[in-house]
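Peer 1: What shape does this take:
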Amino acid sequence: MNPRAGTLIAAGALVAGTVTVLPGASAAAATGPEPTTRPVAPLTWSGCGSKTYPKLQCGTLRVPLNHDDPAGRTISLALTRVVHTAKTSQGPLLVNPGGPGGSGRGMAGYVAAALPAKVAAQYDVIGFDPRGVGKSEPALDCRPGHFDPVRPDSVPRGADDERAGVERAQAFAKACGDKYAGVLPYIDTVSTARDMDSIRAALGAPKLSYLGYSYGTYLGAVYARLYPERVRRMALDSVVNPHGVWYEDNIAQDYAFDARHKDFMAWVARNDATYRLGTAPEAVEASWYAMRDALRTEPAGGKVGPGELEDTFLPGGYYDGYWPRLAAAFSAYVVDRDSAPLVQAYEDYGQADAATDNGYSVYTSVQCRDAGWPRDWSVWRKDSWQAHAKAPFSTWNNAWYNAPCAFWPVDSLTPPDVTNDQLPPMLILQATDDAATPYEGGVALHQMVRGSSLVVEQGGGNHGVTLAGNDCMDGHLAAYLADGTVPRGAEGSEADAVCATLPEPVPAKAEATAKGTEKGSEKASDKGLEKGNAKTKAAGAREAGPVSGTTLHGLLGQVR
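Peer 2: I've put the predicted structure just below:
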């Protein structure tokens, strides 16, 4: 199919449409009874721009809680947009930062600013908070304070420790069920994909284009499976492996994050002149685990224990721009016996707030509902200890993060098969050393979607590889959004195009990173919105700005 096929909506057109409701929340394809339709009112937009993104507009769309019951209860979705300025529009470009549970309203301004001006001008860039998230209503918050410090050590030291962790996970699952019994059956990826089609209809667009990161790649693949005829272009960056949704994907992450943490330790060792932690990566890593053990006995600042330390350093597995700041805090604690920079790093990178509580509530609600999880805790114990033996950095932390799914009060669905041979060319973008969504996921989806094109950042370890400073990767994305161009590799090659990775970050001393720190998210006016999902800050020489790797990674929802 020609990716340019389909009617383009006229400039500023916002007309009433219809939403197609497919049968069965776990449907793998558009099969079964004839779909039903319901009218959708055109959206009303109002200005909500920030200093950084002054052209942002906000709107609200009501959608059915249960798309199989369009006349029943409705919920609201919070939307943003940056309107096209070119004479001819290519229609809406929906953007999603991942999660699940990540707020997407800030993505519209970022993507519109980060794309080449001639490309961005051709689209209405649309951001949205998925159901349950942020400014959408109801916004879930199952158990406020679930991540308050100091939590029990992630790694259980015996039956009592493990029992405490299980009870904590059970308490979270029960709280969700008690507060949101009528909502949880409809917080899932298929329902969110149907919401996307409601947005398309409300925009009056016969087709939509889509840019999704992280979990957003799976959301996009599910949408494409449900509505292949409504996809105009689809670019997926840092791809979830559809074969592992979700238990197996999380175990794969354990090994990948440990490998990425070792990359960080090796970088610290190469920069011993700055950090004074040794020139052997193994020795640096040993010092990190010694720090972890010490924090079990005496949490830094009364708030950074082992679990909080893992939360602080985990973002370094997503984005190496955080490495200088994390290394400086690590060095200050170990070498200078100064815990203040470590506490500050925790407050900037690891500390939970209300947005975190909301995001985690939606994360668990979606992942626990989307697919089956072991209900026998002994399976989790066996698999976690097996992974921990080879990958100790975050295995147990990750296990406890997902553990509510062992006790979830709503039955799981069967994930849709996202194999697809009905789409225009899809662009898949993937780094070879991505820890959050390992490289195998990009290859798997490429094989599952006929006519797709895989662009690889060779040696890259960051999660989110476009609109973050790699001109080669960005060039492929821009060409695709401009006119549907995708690269085609030689027959038999795994990738269709390969880009070199960005240079590794420049080391910085503690005082330099402290002085250079600035918020990666900007608070807008009361009628505006936040630019980022979470508190993120400039790391070393990579400063945050309207368009930067640091800013992007503050917007991306983390798949844990």
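Peer 1: burial measure for the closest residue to Ala171 other than its chain neighbours, as a count.
Peer 2: Distances taken as CB to CB, 6 or more residues apart in numbering put Arg143 closest to Ala171, at 6.8 Å, once the chain neighbours are dropped. For glycine as for every other residue, the C-beta is placed from the backbone atoms N, C-alpha and C. By other CB atoms under 10 Å, the residues close to Arg143 number 19.
Peer 1: do the one 4 residues further on as well
Peer 2: Residue neighbour count, defined by other CB under 10 Å, stands at 18 for Phe147.
Peer 1: Same question for the one 4 residues further on.
Peer 2: The local packing count at Arg151 equals 19, with neighbours defined by other CB under 10 Å.
Peer 1: Restricting to C-alpha, output stretch 271-282 in CSV.
Peer 2: Extracted in CSV, the C-alpha atoms of stretch 271-282 (Å, rounded to 0.1, in the frame of the first residue of the first chain):
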residue,chain,number,x,y,z
ASN,A,271,37.2,8.4,33.7
ASP,A,272,39.1,7.6,36.9
ALA,A,273,40.9,10.9,36.8
THR,A,274,37.5,12.6,37.5
TYR,A,275,35.8,10.1,39.7
ARG,A,276,38.7,8.4,41.6
LEU,A,277,36.9,5.0,41.9
GLY,A,278,39.5,2.9,40.1
THR,A,279,40.5,2.0,36.6
ALA,A,280,39.1,-1.6,36.6
PRO,A,281,35.4,-1.9,35.9
GLU,A,282,35.1,-4.8,38.2
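Peer 1: pretty sure the residue nearest to Ala171 contacts Phe172?
Peer 2: Yes. With contact defined as CB atoms under 8 Å, Arg143 and Phe172 form a contacting pair (5.0 Å).
Peer 1: so what pLDDT did the closest residue to Asn271 other than its chain neighbours get?
Peer 2: In space, and not counting its chain neighbours, Asn271 is closest to Pro507: 4.0 Å by CB to CB, 6+ apart. For Pro507, the pLDDT comes out at 96.
Peer 1: Kindly report the same for Gly549.
Peer 2: On the pLDDT scale, Gly549 gets 89.
Peer 1: do the same with Glu543
Peer 2: 49.
Peer 1: same question, Pro546
Peer 2: In this model, Pro546 is scored at 78, pLDDT.
Peer 1: these two touch, right, it and Ala112?
Peer 2: No. Taking CB under 8 Å as the definition, Pro546 is not a contact partner of Ala112, at 10.4 Å.
Peer 1: ok, these two, which is more surrounded?
Peer 2: Ala112 (27 against 15).
Peer 1: now stretch 41-56: mean pLDDT?
Peer 2: pLDDT averaged over stretch 41-56 gives 92.
Peer 1: Name the helix or strand of this structure that has the lowest mean pLDDT.
Peer 2: strand 17-21 (a mean of 33; mean pLDDT, DSSP states H and E).
Peer 1: Can you name the residues that contact Leu556?
Peer 2: Pro97, Gly98, Gly102, Tyr213, Ser214, Tyr318, His463, Gly464, Asn533 (CB atoms under 8 Å, 6 or more residues apart in numbering).
Peer 1: how near is the closest residue to Val456 other than its chain neighbours to Thr432?
Peer 2: Leaving aside its sequence neighbours, Val456 sits nearest to Ala495 (CB to CB, 6+ apart; 4.3 Å). Separation of Ala495 from Thr432 (CB to CB, to the nearest Å): 9 Å.
Peer 1: Need the overlap of contacts for these two.
Peer 2: Residues touching both Ala495 and Thr432 (CB under 8 Å, 6+ apart): Val456.
Peer 1: is it true that the residue nearest to Asn271 touches Arg325?
Peer 2: No. When contacts are counted by CB under 8 Å, Pro507 is not listed as touching Arg325 (10.5 Å).
Peer 1: Between the two, which has more neighbouring residues?
Peer 2: When Pro507 and Arg325 are compared for neighbours, Arg325 comes out ahead with 29 against 21, by other CB under 10 Å.
Peer 1: Quick check, pLDDT for the more buried one.
Peer 2: Note for Arg325: predicted pLDDT of 97.
Peer 1: Now Tyr363. Nearest residue, chain neighbours left out?
Peer 2: In space, Tyr363 comes closest to Gly101 once its chain neighbours are excluded; the distance is 4.0 Å by CB to CB, 6+ apart.
Peer 1: In which helix or strand does that neighbour reside?
Peer 2: For Gly101, there is no host helix or strand (DSSP states H and E).
Peer 1: Also Thr44?
Peer 2: Secondary structure assignment for Thr44, by DSSP H and E: no helix or strand.
Peer 1: If I follow the layout properly, it ends up in contact with Leu61?
Peer 2: No. The pair Thr44 / Leu61 is not scored as a contact, 9.8 Å apart, by CB under 8 Å.
Peer 1: Between these two, which has more neighbouring residues?
Peer 2: More crowded of Thr44 and Leu61, by other CB under 10 Å: Leu61, with 23 against 11.
Peer 1: Just give the number of residues close to the closest residue to that one other than its chain neighbours.
Peer 2: Leaving out its chain neighbours, the residue that sits closest to Leu61 by CB to CB, 6+ apart is Leu77, at 4.8 Å. A total of 26 residues lie near Leu77 under the criterion other CB under 10 Å.
Peer 1: would Leu77 count as being in a strand?
Peer 2: Yes. Counting by DSSP: H, G, I helix; E, B strand; the rest coil, Leu77 is found in a strand.
Peer 1: surely it meets Arg131?
Peer 2: Yes. With contact defined as CB under 8 Å, Leu77 reaches Arg131; the gap is 6.6 Å.
Peer 1: Quick check: which ranges of this structure have low pLDDT?
Peer 2: 1-40, 510-544, 557-560 (pLDDT under 70).
Peer 1: and Ser209, that's in a strand?
Peer 2: Yes. Judged by three-state DSSP, Ser209 forms part of a strand.
Peer 1: Quickly list what it is bridged to.
Peer 2: Counting by DSSP bridges, Ser209 is bridged to Leu93, Arg233.
Peer 1: give me the number of residues near it?
Peer 2: 26.
Peer 1: follow-up on the earlier one: need the residues touching each of Leu77 and Arg131.
Peer 2: Taking CB under 8 Å, 6+ apart as the criterion, Leu77 and Arg131 both touch Val63, Asp195.
Peer 1: do you know how far the residue lying closest to Thr501 once chain neighbours are set aside is from Val498?
Peer 2: Of all residues not flanking Thr501 in the chain, Gly460 sits nearest, at 3.8 Å (CB to CB, 6+ apart). Going from Gly460 to Val498 by CB to CB gives 11 Å.
Peer 1: got it, and Gly59?
Peer 2: 40 Å.
Peer 1: Between these two, tell me which one has more neighbours.
Peer 2: Neighbour count, other CB under 10 Å: between Gly59 and Val498, Gly59 has more, with 21 against 17.
Peer 1: For Glu494, grab the count of nearby residues.
Peer 2: Glu494: 13 neighbours (other CB under 10 Å).
Peer 1: returning to that earlier point: sort out for me which of the contacts of Leu556 are in helices.
Peer 2: Counting by DSSP state H, the contacts of Leu556 place Tyr318 in helices.
Peer 1: From Val334, how far out is Ala283?
Peer 2: Taken as CB to CB, the span from Ala283 to Val334 is 11 Å.
Peer 1: Could you name every residue contacting both of these two?
Peer 2: Common neighbours of Ala283 and Val334 (CB under 8 Å, 6+ apart) are Leu277.
Peer 1: which residue packs closest to Gly109, ignoring adjacent ones?
Peer 2: Tyr53 (3.0 Å).
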